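1. Would you be able to build a 3D model of this:
(one chain, ligands or ions: 1)
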Amino acid sequence: MTPLQTKRLILRNWEERDRALFHRINSEEQVMEFFPFRRDRAQSDSLFDSLRDGIVERGFGFAAAEIAATGKCIGFVGLYPAEYLEPFLPKDTIEIGWRLAPEYWGQGYVTEAAETHLAHGFGPLGFDEIVSFAVANNSRSTAVMERLGMRRDAAGDFDHPRVPDTHPHLKRHVLYRLTRADWQDEKRGG
Ligand SMILES: CC(C)(COP(=O)(O)OP(=O)(O)OC[C@H]1O[C@@H](n2cnc3c(N)ncnc32)[C@H](O)[C@@H]1OP(=O)(O)O)[C@@H](O)C(=O)NCCC(=O)NCCS
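-> All right, here's what the predicted structure looks like:
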């Protein structure tokens, strides 16, 4: 993945120095409120390796976001193949997702990074549609989707197959979609 630059951020593949931050965003209660699992360091490192290798192989993925002025990694934003959600979504679906350490919430970093990932996805990567989904009451996440101009597809809401029955309140997910045509209209201010 060639690093992408936004006004304040560098979006890039994971580096060894990001492992501690990555563990925090996979284990802290505040960040993981809408997820059924908390990862210990070994589980976090294993996911870290798999995300980093996936980005090398396919050229995109849940990428690290770093503040350009400080060099600090703040979490991830990125595009990801949502093939694990078949049959709820077609096998070739691309999702956009995000997770930041809480001290960086509320500063517009996620929307800024996501806008650049969408431009990369609809531009050089050539995707026709990008979706996003979240637990219905994860309003911080759905607010990002709405700021990006994504549209709710209520008919597409689904029970996430990776959420165990022990966490029924985290199962139902709302689906948002953005087509390349709608993204282009948004950019034109349509
Ligand atoms: C979901 C999550 C990524 C959203 O982060 P966020 O910081 O709220 O999102 P943004 O970066 O788009 O920031 C928007 C906020 O920054 C504010 N902001 C401040 N400075 C800004 C700037 N320069 N530009 C734009 N917005 C700015 C906006 O007004 C908005 O504030 P509000 O929440 O009070 O309305 C974050 O809460 C998170 O990591 N949650 C835990 C993990 C998670 O649930 N992930 C999603 C799973 S589906």
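2. Okay, now the unreliable bits of the chain?
-> 190 (pLDDT under 70).
3. List, one by one, the residues from the protein near the ligand.
-> Proximity of the chain to the ligand is confined to 31, 34, 98-100, 105-111, 134, 138, 140-141, 144, 147 under the rule Cβ under 6 Å from any ligand atom. Using the backbone N, CA and C atoms, a C-beta is placed for each residue, glycine as well.
4. give me that answer again for 8 Å
-> Contact residues (Cβ under 8 Å from any ligand atom) of the chain with the ligand: 25, 30-35, 75, 77, 97-102, 104-114, 132-135, 138, 140-141, 143-144, 147.
5. Find the closest residue to the ligand in this structure.
-> residue 108 (2.3 Å; Cβ to the nearest ligand atom).
6. Which of the residues of the chain next to the ligand fall within strands?
-> The members of the residues of the chain next to the ligand that map onto strands under DSSP state E are 75, 77, 97, 98, 99, 100, 132, 133, 134, 135.
7. Identify the bridge partners of the nearest residue to residue 152 once chain neighbours are set aside.
-> Among residues not flanking residue 152 along the chain, residue 176 sits closest, at 5.5 Å (Cβ to Cβ, 6 or more residues apart in numbering). On the basis of DSSP bridges, residue 176 is bridged to residue 132, residue 152.
8. how far away is residue 138 from residue 8?
-> 24 Å (Cβ to Cβ, to the nearest Å).
9. before we move on, the earlier item: tabulate the ones in strands among the residues of the chain next to the ligand in JSON lines, adding columns for neighbour count.
-> Conversion of those to JSON lines gives the following (neighbours: other Cβ atoms under 10 Å):
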{"residue": "75", "neighbour count": "24"}
{"residue": "77", "neighbour count": "27"}
{"residue": "97", "neighbour count": "20"}
{"residue": "98", "neighbour count": "22"}
{"residue": "99", "neighbour count": "19"}
{"residue": "100", "neighbour count": "22"}
{"residue": "132", "neighbour count": "23"}
{"residue": "133", "neighbour count": "26"}
{"residue": "134", "neighbour count": "21"}
{"residue": "135", "neighbour count": "20"}
